[in-house]
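Asker: Predicted model, plus sequence, below.
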Amino acid sequence: MNRIKKHLLIGLAALAASAVSVPAHAVPQLRLSDGINTVTVTDGGAGDINPLAGVVVFNGAIGDFSVNVTTGITKPLLGSPTDPVLDLNSIDVTGAAGGILTIEFTETDFLSGGPTVNFSTEIGGVTADTVQFEHFASAANTGFARDIGCPTKS
């Protein structure tokens with residue numbers, strides 16, 4: 001049986017610290033990296049195998065991770081600009097060499113009613129090694145930003 005050794009880094013959302021205008025083209029993105037190879041998939045773009053707006057699905061290999069089926073779902077299918085929801089699911093299998101796989105899902109242009117942002121997060125799975133979960137927000141409303149750290153779970 002192959003050992004799975006990975007750390008999951010999930011950048012949940014770039015949430016504005018205060019209300020902002022919502023541009024017409026806020027687009028969710030997935031990013032997967034083994035530290036050498038990186039794949040970025042934009043909703044509706046190359047590599048996204050789901051045609052629905054707000055759903056990004058990647059299916060492919062990244063380095064020694066031969067199986068990666070990663071799905072990110074957000075607005076407009078789940079949540080809205082005023083009720084942010086990001087759902088990330090990933091099934092990943094690596095060969096005997098193992099490695100670290102970083103999986104990120106981002107969306108921008110959520111509206112906040114003030115300086116406080118609340119997160120409700122869950123993580124689960126089966127592995128013989130370590131899974132690390134982190135999420136971030138961005139006062140600058142920037143995708144994949146890490147300027148506001150949130151409590152980490154392992």
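Answerer: Happy to help now that I have it.

Asker: which neighbours does the host helix or strand of Phe58 have in its sheet, and in what orientation?
Answerer: According to DSSP states H and E, Phe58 maps onto strand 55-59. If you go by DSSP bridges, strand 55-59 pairs up with strand 65-73 (antiparallel).

Asker: follow-up on the earlier one: what residues of the strand holding Phe58 count as buried?
Answerer: By 16 or more other C-beta atoms under 10 Å, the buried positions in strand 55-59 come out as 55-58. For every residue, glycine as well, the C-beta is placed using N, CA and C.

Asker: Nearest to Ser138, out of those residues: which one, please.
Answerer: Closest approach to Ser138 among these (C-beta to C-beta): Val56, at 18.4 Å.

Asker: While we're on that closest one, how confident is the model there?
Answerer: On pLDDT, Val56 comes in at 97.

Asker: ok, it - contacts?
Answerer: Residues in contact with Val56 (C-beta atoms under 8 Å, 6 or more residues apart in numbering) are 28-30, 41-43, 48, 50, 71-73, 105.

Asker: Could you give the bridge partners of the residue nearest the centre of the chain?
Answerer: With distances taken as C-alpha atoms, centre = their mean, Phe105 lies nearest the centre of the chain, 1.8 Å away. On the basis of DSSP bridges, Phe105 is bridged to Leu30.

Asker: name the helices or strands packed onto the lowest-mean-pLDDT helix or strand in the chain?
Answerer: Using mean pLDDT, DSSP states H and E, the weakest-scoring helix or strand in the chain turns out to be strand 148-149, at a mean of 74. With contacts taken as 3 or more C-beta pairs under 8 Å, 6 or more residues apart in numbering; DSSP states H and E, strand 148-149 sits against strand 136-137.

Asker: What's the mean pLDDT across the strand it packs on?
Answerer: 77.

Asker: cool, and stretch 103-115?
Answerer: Across stretch 103-115, the per-residue pLDDT values average to 81.
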